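Peer 1: Based on what follows, work out the 3D shape:
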Amino acid sequence: MTRLSLIALSMALTGPALAQPVEQGPKNVPEFEPAWPTQTRAPAQDSGVTLDVQTVADGLSHPWGIEVLPDGGYLVTERPGRLRVIEPDGTLRDAPVDGVPEVMSQGQGGLLDVKLAEDFAESGLIFLSYAKPMDGGESATAMARGILNDDRTALTDVRDIFVQEPAYANDKHFGSRIVTHDGNLFITTGERSDLATRERAQDYDKTYGKVVRVTPTGSALPDNPFVTVEDAIDTIWTLGHRNVQGADMRPGTDELWTLEHGPKGGDELNLIQKGANYGWPVVSYGQRYSGEPIGSGEPRLPQFREPQYYWDPVIAPGGFQFYEGDLFEGWNGDVIASSLRPGGIRRLVLDGDRIVGEEKFLEDRGRIRDVEIDSDDSILLLTDYDDGAVLRVTPQR
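Peer 2: This next block holds a predicted model:
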């Protein structure tokens with residue numbers, strides 16, 4: 001029996017209360033109907049789990065990305081431009097890692113994601129995404145690679161392997177998450193927010209509002225979808241995104257999923273399909289902050305790929321992970337998504353590629369920027385504040 005069938009059976013046995021949609025607040029665009037019933041406001045779930053939250057380390061300045069090191073401890077990025085090492089016992093090293101690229105630390109810009117290469121234990125190779133300062137006050141989303149030395153005090157052989165084209169002078173919508181898969185990398189970008197730039201999410205000759213796929217040295221893969229398209233940038237994998245700050249591979253599959261910020265309404269969880277167009281800024285389930293419609297004024301059109309789930313009003317999502325582990329019974333395969341507003345995390349229950357339930361936790365913890373699964377199957381969260389922290393979440397016993 002599928003999870004969807006089990007949920008339906010549970011509702012039938014225990015009454016209609018379980019069928020109530022998760023509480024989200026008034027819609028910004030109430031006239032927009034979902035393409036299928038659980039595409040938004042899925043049935044509220046109650047897993048019966050109470051979470052225990054402990055602080056692993058604090059004193060971090062706007063932590064943005066976290067990676068679990070294979071022998072214990074963590075790498076954490078701070079948006080002002082520092083890469084920090086946290087020891088297995090939770091001690092935050094005083095000195096940041098040396099050799100990190102210079103970042104543009106303004107607005108939403110700075111040092112963003114960190115990812116270990118799949119062969120990190122042998123190679124020491126890591127990847128960093130960041131807002132790269134450019135000439136004339138401009139900036140671009142970039143991804144660099146470097147070798148972390150054995151005592152984790154410095155990076156060497158640091159070089160960019162992706163730089164968004166073209167550069168632009170503002171401090172918003174850089175993306176960006178890094179995902180490794182089969183030895184290669186996906187990086188997500190934003191469309192830099194402004195009315196003057198958002199249309200570039202639809203352009204094949206610009207890497208605004210895209211998912212990009214490259215080798216570890218930054219080359220395009222020969223099976224990338226636009227390699228043979230005239231004037232297209234050959235590293236583009238998908239287009240039509242707004243500001244993608246979450247991405248993960250679904251365990252046991254080749255499926256890349258992303259989580260992106262909508263405008264006023266219309267945050268999206270997307271199943272990424274090679275060469276697909278996700279519609280921004282032509283369609284959206286949200287509206288402009290002024291209340292005016294986005295693009296065509298339609299939530300969907302047949303040429304664009306639908307989100308697997310959307311929120312209106314927004315949860316302002318950051319990073320997310322598919323849960324894989326035994327610590328949280330019944331959660332395997334669920335999406336654990338961060339929220340910056342109202343805060344906390346959301347557990348999304350999947351049946352196939354459809355969301356069939358949503359559960360809210362920890363809204364009182366405020367801005368959660370990233371989610372990672374630790375080696376002991378606990379859930380790690382980053383709080384995005386001047387005095388941010390790494391939190392460990394486990395079920396109360």
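
Peer 1: Torsion angles phi and psi at Gly25?
Peer 2: Listed backbone geometry of Gly25 is phi 90, psi 170, with angles given as degrees, to the nearest 10.

Peer 1: Can you verify my assumption that it contacts Asp312?
Peer 2: No: counting by C-beta atoms under 8 Å, no contact exists between Gly25 and Asp312, whose distance comes to 9.1 Å. No exception for glycine: its C-beta is placed from N, CA and C like everyone else's.

Peer 1: Settle it for me: which of these two has more neighbours?
Peer 2: The neighbour comparison of Gly25 against Asp312 (other C-beta atoms under 10 Å) goes to Asp312, with 26 against 9.

Peer 1: tell me the pLDDT at the more buried one?
Peer 2: At Asp312 the predicted local confidence, pLDDT, stands at 98.

Peer 1: Next one, pLDDT for the closest residue to it other than its chain neighbours please.
Peer 2: When the adjacent residues along the chain are set aside, Asp312 lies closest to Gly265, with 3.5 Å between them (C-beta to C-beta, 6 or more residues apart in numbering). Gly265 is assigned a predicted lDDT (pLDDT) of 98.

Peer 1: how about Gly265, what does it touch?
Peer 2: Taking C-beta atoms under 8 Å, 6 or more residues apart in numbering as the criterion, Gly265 is in contact with 27-29, 284-287, 311-314.

Peer 1: and what of Phe322?
Peer 2: Applying C-beta under 8 Å, 6+ apart to Phe322 gives the contacts 248-251, 257, 333-336.

Peer 1: Quick one, which of these are buried?
Peer 2: If you count burial by 16 or more other C-beta atoms under 10 Å, the buried members of those come out as 248-250, 257, 334-336.

Peer 1: want to throw the contacts of Gly265 into JSON lines with secondary structure and distance to Gln106?
Peer 2: As requested, those are exported to JSON lines (DSSP: H, G, I helix; E, B strand; the rest coil; distance: C-beta to C-beta, whole Å):
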{"residue": "Lys27", "secondary structure": "coil", "distance to Gln106": "33"}
{"residue": "Asn28", "secondary structure": "coil", "distance to Gln106": "28"}
{"residue": "Val29", "secondary structure": "coil", "distance to Gln106": "31"}
{"residue": "Ser284", "secondary structure": "coil", "distance to Gln106": "26"}
{"residue": "Tyr285", "secondary structure": "coil", "distance to Gln106": "30"}
{"residue": "Gly286", "secondary structure": "coil", "distance to Gln106": "25"}
{"residue": "Gln287", "secondary structure": "strand", "distance to Gln106": "27"}
{"residue": "Trp311", "secondary structure": "strand", "distance to Gln106": "28"}
{"residue": "Asp312", "secondary structure": "coil", "distance to Gln106": "29"}
{"residue": "Pro313", "secondary structure": "coil", "distance to Gln106": "27"}
{"residue": "Val314", "secondary structure": "coil", "distance to Gln106": "23"}
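
Peer 1: and Val114, how far is that from Leu75?
Peer 2: Separation of Val114 from Leu75 (C-beta to C-beta, to the nearest Å): 5 Å.

Peer 1: An error on my part: the question was meant for Glu199.
Peer 2: 36 Å.

Peer 1: Between those two, which has more neighbouring residues?
Peer 2: Taking Glu199 and Leu75 together and counting by other C-beta under 10 Å, Leu75 has the greater number of neighbours (21 against 17).

Peer 1: Need the per-residue pLDDT for the more buried one.
Peer 2: On pLDDT, Leu75 comes in at 98.

Peer 1: That one belongs to a helix, doesn't it?
Peer 2: No: with DSSP: H, G, I helix; E, B strand; the rest coil as the criterion, Leu75 is assigned strand and is not in a helix.
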